[in-house]
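Have a look; sequence and predicted model below, questions after that.
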Amino acid sequence: MPAKRKATSNVKGGAKAGRDSSVSTPGPGTPREIGSSDEYVSSDVTESESETVKNAKANLTVSKYQARKQSAAHGRDSASHFFGNNDFSYLSLKPDHDNRPLWIDPQKGRIILESFSPLASQAQDFLTTIAEPQSRPQFLHEYSLTPHSLYAAVSVGLDPKDIIDILDRLCKVPVPDSIRSFIEGCTHSYGKVKLVLKNTKHYVESSDPEMLQRLLKDEVIGPLRVQGTEDITTSLAPKMGGLVIPGTRNAAGVQQATAGEEPKPKEGENANQEDIFATLNEDDDDDDEADAVHAFQIADDAVETIQKRCLELGLPVLEEYDFRNDDANANLEIDLKPAAQIRHYQEKSLSKMFGNGRAKSGLIVLPCGAGKTLVGITAACTIKKGVIILCTSSMSVVQWRQEFLKWSNINPNDIAVFTSDNKERFTGNTGIIVTTYNMVAQKGKRSYDSQKMMDFLTSREWGLMILDEVHVAPAHMFRRVTSIIKTHSKLGLTATLLREDDKISDLNFLIGPKLYEANWMELAEQGHIARVQCAEVWCPMTTEFYTAYLEESSRNKSLLWIMNPRKFQACQFLIDYHEKRGDKIIVFSDNVYALQMYAQKLGKVFIYGETSNAERLRILENFQHNENINTLFLSKIGDTSLDLPEATCLIQISSHFGSRRQEAQRLGRILRAKRRNDEGFNAFFYSLVSKDTMEMVYSSKRQAFLVDQGYAFKVITHLQGIESLPDLAFTSPGERRELLQHIMIHMETDTSNDFEQTDDLFHRVDREGSGMKIKKKKPAKRTAGTLSELAGGQDMAYVEQNKSRNKDLKKNKKESNPFFKKLHRETQKRKAAWNPDDD
Ligand SMILES: Nc1ncnc2c1ncn2[C@@H]1O[C@H](COP(=O)(O)OP(=O)(O)OP(=O)(O)O)[C@@H](O)[C@H]1O
């Protein structure tokens, strides 16, 4: 096969080969062509998009037609029709293409990395800096160049020339002109303008005085310059060298044990790599030279207007904090303890944040359990100024404080929490405050103490704001907290930069670009997170349920596929199997009715939105320590809001349609399993799906994110041995009919409360955790009492058993051993400490 044809076949195959067509990239002619990524950026030209970006996109569209013409001119052969418009055989391969790991799609900015290449790990580093990872299965990884990813690249110090040069060295074909002009167009003015806080004053800064003159002449920005200050001041840019991130190899006095930690170079990796990155290093050295920078001062309340206006002008501003030259804000005595050694990926993510000696605002994306907290703590230890941390719940507030005390030498008096029952400040001039989004974003009347604390928070300047689980907070909340708290730099931490709404770009705007995103599979291989076996279990619908499914309105169909008796049996079987293996199992159900039915029928404990805080704690503690409580049923509330004890097996029986974020969050719940480094240990994630229903479609959509992270979902069509499980439920047609009738009655009454609203949960858990008063919703009306009459049966065991399991726990508590008695006393103490106040 000629070399040219090889190029075609590889690019065509792409990283998504073999994947469901519903998750493949859109075809030519669709509006999302360039770097098409549903979550991060739409290629549709938006009003706020600058002319340069519009032109760059237009150039790519033109190049698409040129490419087709070239392709046609090149002549098509008998295989061409397989590749349609993805026939790139007109691109000529470099003579040593075998040694280069990248393919590039000149039409859409897609980049394919051969992950088996000796240069793969270096290339991957580079690609995660300049492009959005789209899909990273075993052999071929796919990335997309997007305006946002290029913005992020510039924000960590790369310039367009670096990007093109390195891409050209790694590519099997010369970088196509269309891609060159896309990169140049998008990055043309990125990084040219910076927003800097110096000595509590905001400045618009640039190394190009003409750029500042242009801004001063702008009708919106001009008038916002602080009157009476010099038009433009000139100073020397800070040198890059000298900054040491604590806990890293370079940190003085910190003994490093990273040997064996950093992934070893693959066989065949050689000095050649140094060559590839020579360009970067040369340019990095240049950065060390002190350039002159020019700046003008702007009013504090003009910051957001200027950010917006600059974006409209195609000059997105980078927010940077020159903390080493900040003499106005008191220094905080904080350092990592000598024993704390941050891992290589944590170090890498921080080096993107502090790459030029200043703190850049942005997002760091690490999978659950990979140690985001330590990343935040290390950032605080680097900046050494006042820090405010925003968490999703009061429980996380307590944990963040504990982690600070564990990893750093901070004086306990210098770190305070602000929740409704704790409103103390730190004792020194500066310190750390840990609080929740709710406490800060809350509107309306506050208690006296709470108001005083808010006045304290809003009246001073903070060096760093850490936003934990930043993808979860409702958009209006993080908008509010970022606007009322004055902070020099912001660090957003998250496991999944995914939202099914369109608010993800708000994060880019309000917090900053994505600075780093880790590769899940790589961390699993290195033992930092657990290896997980994922399986989709296909459960055929029983005849009576399928008949009802075909007849019911779409609103009711979902309850039928969730309550499918065969799914119930599969769940029962898997719980039995994994309990015998010694696993701790969490069963997730979004549907509260199904959650209760399953849990009660199986005699297991459950937690959902209406479960009181005290009961929640008691159940979670039992799940963690009581060897008789190994399975916990959880509603959507467990996706994010609860701090769950460690589990090693997850079973999903009902979920939120096609939500990829929920799937990823749920999987994240088992990634931190402590046994992960045991020989051959695997955690398990099962998704139970009713066959031939819409659930199958949602399921494959949900998996897209995890498949892109490299997880392979096995399909199980039959669970070996299920028929011989003692006490298998719903084996007789009578039982199945009874269940169906129960469901039908439920559907006729009200199913509207079956699904909890995420926003409700976010507020509920936090308010309850922090002791705020909650107006209880009326529970959904249940009609179980009439079931047996309607079904013609008299046995109410099902319904009676329903109520008993959570209650049993309460009863059994009296009989528990001293350990559990102690645990109970502690719970009671905690409960007492969480009494509501008037917030
Ligand atoms: N460099 C490190 N050295 C040793 N232990 C670490 C390191 N980084 C993190 N850990 C440990 O890994 C565990 C998980 O960390 P952490 O809770 O911060 O993860 P996370 O990313 O915030 O997870 P989640 O998203 O689930 O909250 C903790 O027990 C933490 O102490």
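Here it is on my side, so go on.

Quick check: the nearest residue to E469 once chain neighbours are set aside vs W520, distance?
Using C-beta to C-beta, 6 or more residues apart in numbering and skipping the chain neighbours, the partner closest in space to E469 is T392 (4.9 Å). Every C-beta, even on glycine, is put in place using the N, C-alpha and C of the backbone. T392 sits 22 Å away from W520, going by C-beta to C-beta, to the nearest Å.

ok so, going back, quick one: the residue nearest to E469 and H471 touch, right?
No - contact between T392 and H471 fails when scored by C-beta atoms under 8 Å: they sit 10.4 Å apart.

ok, and the closest non-adjacent residue to whichever residue of the stretch 301-450 of the chain sits closest to the ligand?
Residue nearest to the ligand within the stretch 301-450 of the chain: G371 (2.7 Å; C-beta to the nearest ligand atom). Leaving aside its chain neighbours, G371 sits nearest to Q346 (5.9 Å; criterion: C-beta to C-beta, 6+ apart).

Could you tell me the per-residue confidence at that neighbour?
You'll see Q346 listed with a pLDDT of 93.

ok, it - contacts?
G247, L366, A370, G371, L374, V375, T378 (C-beta atoms under 8 Å, 6 or more residues apart in numbering).

sec struct for it, please.
What DSSP: H, G, I helix; E, B strand; the rest coil gives for Q346 is helix.

how close does it get to H141?
Per C-beta to C-beta, Q346 is found 22 Å from H141.

Give me the local confidence score for N835.
Predicted confidence (pLDDT) at N835: the value is 34.

same thing with G260?
42.

for T436, same thing?
For T436, the model assigns a pLDDT of 91.

which bits of the stretch 451-600 of the chain sit near the ligand?
A495 (C-beta under 6 Å from any ligand atom).

Show me what from this structure comes close to the ligand.
Checking the chain against the ligand by C-beta under 6 Å from any ligand atom, the hits are 341-343, 346, 366, 368-374, 495, 668, 672.

Which ones among those map onto helices?
Members of the residues of the chain next to the ligand lying in helices (criterion: DSSP state H): Q346, K372, T373, L374, G668.

Surely the last one and L366 touch.
Meaning G668. No - counting by C-beta under 8 Å, G668 stays clear of L366, with 10.4 Å between them.

The two: which has the busier surroundings?
L366 (24 against 21; other C-beta atoms under 10 Å).

on that earlier part again, who wins on neighbours among the contacts of Q346?
Top of these by neighbour count (other C-beta under 10 Å): G247, with 29 neighbours.

Can you give me the pLDDT of it?
63.

Contact partners for K352?
By C-beta under 8 Å, 6+ apart, the residues touching K352 are T129, V156, K360, G362, I364, L515, Y516.

That one sits in which helix or strand?
helix 344-353 (DSSP states H and E).

Over to G463?
strand 461-467.

Return the backbone torsion pair for I716.
Torsion angles at I716 (phi, psi; degrees, to the nearest 10) stand at phi -110, psi 120.

Helices of the stretch 401-550 of the chain, residue ranges please.
For the stretch 401-550 of the chain, the helices defined by DSSP state H, counting those that start in this stretch cover 437-441, 448-459, 475-484, 504-510, 520-525, 543-551.

Show me which positions of the third one end up buried.
Judged by neighbour count using 16 or more other C-beta atoms under 10 Å, the buried positions of helix 475-484 are M477, F478, R479, R480, V481, T482.

Can you tell me which of those comes closest to the ligand?
F478 (17.0 Å).

Can you verify my assumption that the closest one contacts M465?
No - look at F478 against M465 with C-beta under 8 Å: they stay out of range, at 10.2 Å.

want to throw the buried residues of helix 475-484 into JSON lines with pLDDT and distance to L315?
Putting the buried residues of helix 475-484 into JSON lines (pLDDT from 0 to 100; distance: C-beta to C-beta, whole Å) gives the following:
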{"residue": "M477", "pLDDT": "76", "distance to L315": "28"}
{"residue": "F478", "pLDDT": "73", "distance to L315": "24"}
{"residue": "R479", "pLDDT": "74", "distance to L315": "22"}
{"residue": "R480", "pLDDT": "81", "distance to L315": "26"}
{"residue": "V481", "pLDDT": "85", "distance to L315": "26"}
{"residue": "T482", "pLDDT": "81", "distance to L315": "21"}
